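Peer 1: Pasted the sequence and its predicted model underneath.
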Amino acid sequence: MPHRLSGKDTHLRRRSQERKSSADLLKNSVLSGKIVTIRSFALKPSLSMTTQTLRLSLVCFVLVWWCADIVGGSLFAVTLPEKLPEHPRLFFTKQKEAEIKEQIKTDAFLDQLVQELIKKADRVKAEPPSKYDIPDGIRLLNQSRRSIDRTTTLAFAYRMTGNKEYADAAITEMLTVCRFKDWNPSHYLDVAEMATAVGIGYDWLYDVIPNEQREEIKAGLMKHALKTGLELYEKGGWWTTGHNNWNEVCNAGLTIGALAVAEDERTIAESIVNAAIKSMPNGLSVYKPDGAYPEGPGYWAYGASFTGLMLKVLDGIVPDAQAELLKTEGLNVTGDYYMNIISPNYLNFNYADGGDGADASPMMFALSTFYDRPDYAVWLREFLQRKNRFASGRLAVFHAIWYNPAGTSADFAKTPLAQKFSGIQDVCTMRTAWDDPNAAFLGFKGGDNKANHGHLDIGSFVYEVNGVRWAVDLGADNYNLPGFWGQQRWNYFRQNNRSHNTLVIGDKIQNPAAVCEIGNFVPGGTIELLAGIFEDPDVIASASVDMTDAYKGQAECVLRIACFRKDGEMEIRDIIQGVKDPVRWGMMTRAEIELDGKTAILSQNGKKIRLELTTFDAEETAKFEIVSAKPPTEAENQNDGYRMLAIVSIPQLDRGQLMIRVVIKPM
């Protein structure tokens, strides 16, 4: 039954509505630059000074209430400096430009980095500007990202060479996108990334953009991003309180745009900066407690890179806010997560909606400076060098701008070969070496099946040795499949446990609400077995996940143990109790497979590995077999070139338990 309002309730609601109406009028007047008089608060000469003072106080209260409303209940945290730093003030100041030009004379790595970026600018300059194109009917995002790549690369090249052709091409790019009818605010990442492109280009090229064109670019940024962004902050747009990459990207993009034009649009710029600072801790909360990212390394490279932009753009303008955000729990060690989650051959342990191609994120340079971690800088320099990623990605110029030459390979002397990361998604990784691209690597996860971008993949693993990824994760399917973000998500092959390197019991999916932690993570010279933990000097680490919750209603107890040895050999043991249906063990691979009962030989790129199977308390029919990776519908990715190495083990009916042990050995 609906609650009946009392006379007092009705009065309070009416007063609240009047206050909101008055406040909205004030907000609109400030945004439009007009001065208005609110009848109930207007000052009149005939009134006593006490009454006028009271009413003036009420006007001030409404303004304060508006400020509080914008930032979610708190007063403005910061005030922009009365005199803002001159343009360019965002990231690539004139001082930073001079430092880079001087440093490349003696730093061969940085010189190569800059030269590769200028070569990229030559290619980009010859390409047409971005266009208003939403091919899937949802996202302009590809064009927004292209605009960041083009604008930052061209503007950087102009600043480093003085060649005005680069500046002219960047200005044309900005004018083109600012003339779009909108930046697709229904998918606000598109707006945020476009604001990043235009905000940076406007600032870096401020002195060379003709006045009339500068005004047009500023007007486009205001119309398409800053006004729509402030409206979302006021209304409480979902990403403003989101604990995911959207929060990081949208707050950073809007802050960059706001600070680019802050001297001319101070009111809206200050409102946006404060709202973003207020909102940002929601997105940063996912790094607790030890830096792991629940959406996987692909989305870490996205969200964390924009967090780097947010932190760096505040530098020298609102440094106190930067200092507070840098205190976020887990942010100081999130670089450890990123280094560990990427294999020796620079492939992601790509759990969740992500591919295996790793991103050489410039955030690692930023983190190395923020937290005095030279090992982060060493790792990123080696990544850029080994994979020739100097100019790769739309944020590539920040490799040069945030470049840190600190550290040597000696900084890795104490870096552990195995590490566990907790948080929303428990994961651990193990490797045989940090300085060998052919080293063996194991990624193993527990996790939360409800996590943003998550899959039903508790217990899954990836395995790599001799430069080959043998046990793979297929990654996400098409985001535009019907019901992909709703009830149908778990029906799709790539999203559920049928495609992952874990168990399937009775052809059922895992419990979508399951949460399973990595219980025992034992690094260095020990191994966990059913009877306990024993010393073994050849073991780098072992870890276990109690997967019972993932198979709720399918078995009484499900435990998976992973062990990793110094010679690259790995072992997976599954202990299942109270089970009646067949249990399928699976490992997705690109390799060619040769079967011989309980042995399988996998071949790929001229390399081989051997798998050996042992089962207990199961029917003797268990053996390796090959299962198709084709999904049940034609609309899904058909997974051409992939196949699943599987074992179907049937428990003995009188026992209802079994153990599956698979050992994988490099050859």
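Peer 2: Right, received. Where do you want to start?
Peer 1: For the rest of this, base every contact and every neighbour count on C-alpha atoms.
Peer 2: Noted.
Peer 1: Show me the strands paired with the helix or strand where Ile660 lies, marking each as parallel or antiparallel.
Peer 2: Taking DSSP states H and E as the criterion, the element that holds Ile660 is strand 657-666. The sheet places strand 657-666 alongside strand 570-577 (antiparallel), strand 607-616 (antiparallel), with pairing taken from DSSP bridges.
Peer 1: for the last one, what is the average pLDDT?
Peer 2: Throughout strand 607-616, pLDDT has a mean value of 95.
Peer 1: try stretch 318-337
Peer 2: Computed over stretch 318-337, the average pLDDT equals 97.
Peer 1: what does stretch 459-478 give?
Peer 2: If you average the pLDDT over stretch 459-478, you get 97.
Peer 1: Distance of the nearest residue to Gln495 once chain neighbours are set aside relative to Arg590?
Peer 2: Of all residues beyond its chain neighbours, the one nearest Gln495 is His455 (5.0 Å), with distances taken as C-alpha to C-alpha, 6 or more residues apart in numbering. When C-alpha to C-alpha, to the nearest Å is the yardstick, His455 and Arg590 sit 20 Å from each other.
Peer 1: So which of the two has more stuff around it?
Peer 2: With other C-alpha atoms under 10 Å as the criterion, His455 and Arg590 differ in neighbour count, and His455 comes out ahead with 26 against 19.
Peer 1: Let me know whether Phe365 touches Ala377 as I believe.
Peer 2: Yes: distance between Phe365 and Ala377: 5.4 Å, which falls inside the contact criterion (C-alpha atoms under 8 Å).
Peer 1: In contact with Gln103, which residues?
Peer 2: Leu110 (C-alpha atoms under 8 Å, 6 or more residues apart in numbering).
Peer 1: just to revisit the earlier point, shared neighbours of Phe365 and Ala377, anything?
Peer 2: If you check Phe365 and Ala377 against C-alpha under 8 Å, 6+ apart, the residues they both contact are Asn404.
Peer 1: if we can go back for a sec, and the residue nearest to Gln495, how far is that from Gly475?
Peer 2: Summarising the geometry, the distance separating His455 from Gly475, computed by C-alpha to C-alpha, is 9 Å.
Peer 1: Isn't Gly506 up against Ala555?
Peer 2: No: applying C-alpha under 8 Å as the test, Gly506 and Ala555 come out as separate, 10.1 Å apart.
Peer 1: Beta-bridge partners for the nearest residue to Phe616 once chain neighbours are set aside, please?
Peer 2: Nearest non-adjacent residue to Phe616, counting by C-alpha to C-alpha, 6+ apart: Met659, 5.1 Å away. The residues paired with Met659 through beta bridges, assigned by DSSP bridges, are Ile575, Phe616.
Peer 1: okay, now Met659: neighbour count?
Peer 2: Counted with other C-alpha under 10 Å, residues neighbouring Met659 total 19.
Peer 1: And for Leu347?
Peer 2: 19.
Peer 1: That one reaches Asn340, doesn't it?
Peer 2: No: assessed by C-alpha under 8 Å, Leu347 is found out of contact with Asn340, at 10.8 Å.
Peer 1: How about stretch 147-155, which residues are buried there?
Peer 2: Applying a neighbour-count criterion of 16 or more other C-alpha atoms under 10 Å, the buried positions in stretch 147-155 are Ser147, Ile148, Asp149, Arg150, Thr151, Thr152, Thr153, Leu154, Ala155.
Peer 1: Repeat that for stretch 433-452.
Peer 2: For stretch 433-452, the buried set under the neighbour-count rule, 16+ other C-alpha under 10 Å, comprises 433-434, 437-452.
Peer 1: Could you chop this protein up by domain?
Peer 2: The chain resolves into domains spanning 16-70, 94-412, 418-666 when parsed by automatic domain parsing.
Peer 1: Mind putting those domains into JSON lines with distance to Pro85?
Peer 2: Shown next, in JSON lines, are the domains of the chain (distance: least, C-alpha to C-alpha, whole Å):
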{"stretch": "domain 16-70", "distance to Pro85": "24"}
{"stretch": "domain 94-412", "distance to Pro85": "7"}
{"stretch": "domain 418-666", "distance to Pro85": "39"}
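Peer 1: For Glu82, which of these is the nearest?
Peer 2: Among the domains of the chain, domain 94-412 comes nearest to Glu82, with 9.0 Å by C-alpha to C-alpha.
Peer 1: Regarding the closest one, how distant is the last residue from the first?
Peer 2: 34 Å.
Peer 1: Settle it for me: which of Gly506 and Ala555 has more neighbours?
Peer 2: Each of Gly506 and Ala555 had its neighbours counted (other C-alpha under 10 Å), and the higher figure belongs to Ala555 (20 against 14).
Peer 1: Wait, that one touches Gln577, no?
Peer 2: Yes: here Ala555 lies in contact with Gln577, judged by C-alpha under 8 Å, at a distance of 6.2 Å.
Peer 1: give me the low-pLDDT residue ranges for the stretch 351-500 of the chain?
Peer 2: Nowhere does the stretch 351-500 of the chain drop to pLDDT under 70.
Peer 1: That one: helices as residue ranges?
Peer 2: Taking DSSP state H, counting those that start in this stretch, the helices of the stretch 351-500 of the chain run over residues 363-370, 374-387, 397-401.
Peer 1: so which of those gets nearest Arg123?
Peer 2: Of all those, it is helix 397-401 that lies closest to Arg123, at 14.8 Å by C-alpha to C-alpha.
Peer 1: Tell me which residues touch the closest residue to Pro129 other than its chain neighbours, please.
Peer 2: Spatial nearest neighbour of Pro129, chain neighbours left out: Glu173 (5.2 Å); criterion: C-alpha to C-alpha, 6+ apart. Taking C-alpha under 8 Å, 6+ apart as the contact definition, Glu173 lies against Pro129, Ser130, Ser147, Arg150, Thr151.
Peer 1: Just the C-alphas of the helix or strand hosting the fourth one, formatted as CSV.
Peer 2: Read that as Arg150. When elements are assigned from DSSP H and E, Arg150 belongs to helix 141-161. The C-alpha coordinates for helix 141-161 follow below in CSV (Å, rounded to 0.1, in the frame of the first residue of the first chain):
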residue,chain,number,x,y,z
LEU,A,141,34.0,5.0,-30.1
ASN,A,142,36.3,3.9,-32.9
GLN,A,143,36.2,7.4,-34.4
SER,A,144,36.8,9.0,-30.9
ARG,A,145,39.8,6.8,-30.4
ARG,A,146,41.1,7.5,-33.9
SER,A,147,40.7,11.2,-33.1
ILE,A,148,42.9,10.9,-30.0
ASP,A,149,45.5,9.1,-32.0
ARG,A,150,45.6,11.6,-34.8
THR,A,151,45.4,14.8,-32.7
THR,A,152,47.9,13.8,-30.1
THR,A,153,50.4,12.4,-32.6
LEU,A,154,50.2,15.4,-34.9
ALA,A,155,50.3,18.0,-32.2
PHE,A,156,53.3,16.2,-30.6
ALA,A,157,55.1,16.1,-33.9
TYR,A,158,54.5,19.8,-34.5
ARG,A,159,55.8,20.7,-31.0
MET,A,160,59.0,18.6,-31.5
THR,A,161,59.8,19.7,-35.1
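Peer 1: on contacts alone, who are the packing partners of that helix?
Peer 2: Counting contacts by 3 or more C-alpha pairs under 8 Å, 6 or more residues apart in numbering; DSSP states H and E, helix 141-161 is packed against helix 94-103, helix 108-125, helix 164-178, helix 188-204, helix 397-401.
Peer 1: helix/strand/coil for Pro537?
Peer 2: coil (DSSP: H, G, I helix; E, B strand; the rest coil).
Peer 1: Quick check: it vs Phe412, distance?
Peer 2: As judged by C-alpha to C-alpha, Pro537 and Phe412 stand 21 Å apart.
Peer 1: Perfect, I'm done here.
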